[in-house]
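Need the 3D shape of this:
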Amino acid sequence: MPAFSFEKISPPARRGAAAAAPQKPRSVINQMIDRIAERRAKRAAVKSKKSQPIGSSSGD
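As a prediction, this is how the structure comes out:
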């Protein structure tokens with residue numbers, strides 16, 4: 001008979017959802033950069049739509 005026996009011990013069960021840490025408010029500079037980036041993306045999308053000829057298909 002062995003002197004020691006090794007058993008797998010399961011981790012303790014979690015009790016409910018862990019409370020998420022509140023997000024830090026973003027700095028004003030980050031908010032301004034995000035706004036500028038969004039406007040640039042919209043402007044680029046509009047320009048690309050205008051530059052495509054009507055009725056063109058990419059399957060040619």
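
which residues of this structure fall in helices?
In order along the chain, the chain carries the following helices (DSSP state H): 28-51.

so where's this structure uncertain?
Applying pLDDT under 70 to the chain picks out residues 1-2, 16-20, 53-60.

hmm, try it at 90
Applying pLDDT under 90 to the chain picks out residues 1-27, 45-60.

For residue 7, give me the backbone phi and psi.
Backbone torsions for residue 7, taken as degrees, to the nearest 10, come to phi -120, psi 140.

And for it, the neighbour number?
By the criterion of other C-beta atoms under 10 Å, residue 7 has 5 neighbours. No exception for glycine: its C-beta is placed from N, CA and C like everyone else's.

do residue 13 as well
Other residues near residue 13 come to 5 when the count uses other C-beta under 10 Å.

For it, give me the backbone phi and psi.
Backbone torsions for residue 13, taken as degrees, to the nearest 10, come to phi -70, psi 140.

ok, it - contacts?
Listed by C-beta atoms under 8 Å, 6 or more residues apart in numbering, residue 13 has no contact partners.

For it, give its distance to residue 52.
From residue 13 over to residue 52 the distance is 57 Å, taken as C-beta to C-beta, to the nearest Å.

ditto for residue 24
For residue 24, the distance to residue 52 - C-beta to C-beta - is 42 Å.

ok, these two, which is more surrounded?
Comparing residue 24 with residue 52 by other C-beta under 10 Å, the one with more neighbours is residue 52, at 9 against 6.
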